[in-house]
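[1] Generate a structure from the sequence data that follows.
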Amino acid sequence: MGCPCCEGLEPCAAKISIFKHLDRASQEEISEIAIHREVKKGELLFTPDDSRGLYLISEGTVKVYELTPSGKEYLLQVLQKGDFVGEEALFSHEENYTYGEALSDGRLCFIDQKDFMALLMKHPSISLKLLEEFSRRMHQNAHRSTTNTEPVQERLWAYLLNLSAAQGSDTFEIPLQLKELSLYLNTTPETVSRRLKELEKRQIIKRERRKITILNKQEI
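    A predicted model of the protein is given here:
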């Protein structure tokens, strides 16, 4: 089926980090075998019961989480345009526990496990890009575990700087609600709110609801 994400421009696969190195014909081939859908904010995109495959974030923001035995969300990561998820389940026979929910309206593309494995056989270079991404994410997770022992102000500031770098702008929106952000930073909503107000008071950031502008990166 045709890809509504492309809109006559670049194939949706060209937006995804592990496919950017491929030539245009290969990217178009990947886009053709993918299943494309438009998603709405708050929509549940995948659950542990869904088919295994690779989910490509063509537009929008997605949160990935697990549920604790008590039913509480444990936030794993927040994905932006160009990211992907589902790769771990592709190479494992263990049960999958992850859920995905749209934090904004957007577009999602899905490549099922069988088709993706065929892609790896045809384009071995994708495997190397996957390994690079595995390494990067492991480093991020290790860094997050380490920074959880640091003061909340430093964890929050690191999170804002990472968002700024990922979006390529000093002005950006925090994709998470206050409660979700506090869970991600391993603290309370009240503490996050106080720390944001302190950054505003010191004129390090400007804030309009969830819209943040970093005014001074050297003050922290």
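[2] Run through this protein and note the low-pLDDT ranges.
    Residue ranges of the chain with pLDDT under 70: 1-9, 139-149, 219-220.
[3] would you list every one of the helices in it?
    Ranges of helices in the chain, per DSSP state H, are 24-33, 87-90, 113-122, 125-147, 152-167, 178-184, 189-201.
[4] Between those helices, which one is closest to residue 106.
    Minimum separation from residue 106 across the helices of the chain (Cβ to Cβ) falls at helix 152-167, 14.5 Å. Using the backbone N, CA and C atoms, a C-beta is placed for each residue, glycine as well.
[5] partner residues bridging the residue most central in space within the chain?
    Nearest to the mean C-alpha position of the chain, counting by Cα atoms, centre = their mean, stands residue 79 at 1.0 Å. Legend: beta-bridge partners of residue 79 under DSSP bridges are residue 62.
[6] Then residue 171?
    residue 213.
[7] and it, how many residues sit next to it?
    Other residues within reach of residue 171, judged by other Cβ atoms under 10 Å, total 12.
[8] Pretty sure it sits against residue 212.
    Yes: contact criterion Cβ atoms under 8 Å: residue 171 and residue 212 qualify, at 7.1 Å.
[9] circling back: now distance to residue 218 too, for the helices of the chain, in JSON lines please.
    What follows is these, written out as JSON lines (distance: least, Cβ to Cβ, whole Å):
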{"stretch": "helix 24-33", "distance to residue 218": "40"}
{"stretch": "helix 87-90", "distance to residue 218": "37"}
{"stretch": "helix 113-122", "distance to residue 218": "44"}
{"stretch": "helix 125-147", "distance to residue 218": "20"}
{"stretch": "helix 152-167", "distance to residue 218": "12"}
{"stretch": "helix 178-184", "distance to residue 218": "24"}
{"stretch": "helix 189-201", "distance to residue 218": "13"}
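[10] Out of those helices, the one nearest residue 44 is which?
    helix 178-184 (15.1 Å).
[11] How far away from the center of its chain is the closest one?
    Helix 178-184 sits 15 Å away from the centroid of its parent chain (Cα atoms, centre = their mean, to the nearest Å).
[12] again, but for stretch 195-207
    Between the centre of stretch 195-207 and the centre of its host chain there is 25 Å, according to Cα atoms, centre = their mean.
[13] First-to-last residue distance for it?
    Across its full length, stretch 195-207 reaches 12 Å between end residues, using Cα to Cα, to the nearest Å.
[14] Could you check it and say which residues are buried?
    Across stretch 195-207, burial judged by 16 or more other Cβ atoms under 10 Å covers 195-196, 199, 204-205.
[15] possible to save those residues as CSV with distance to residue 118?
    Output for the buried residues of stretch 195-207, formatted as CSV (distance: Cβ to Cβ, whole Å):
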residue, distance to residue 118
195, 48
196, 47
199, 49
204, 50
205, 47
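[16] List just the nearest of those to residue 19.
    Proximity of the buried residues of stretch 195-207 to residue 19 (Cβ to Cβ) peaks at residue 205, which lies at 34.5 Å.
[17] can you pull up the bridge partners for that closest one?
    With DSSP bridges as the rule, residue 205 is bridged to residue 214.
[18] quick one: contacts for it?
    The contact partners of residue 205, taken as Cβ atoms under 8 Å, 6 or more residues apart in numbering, are 160, 196, 199, 212-215.
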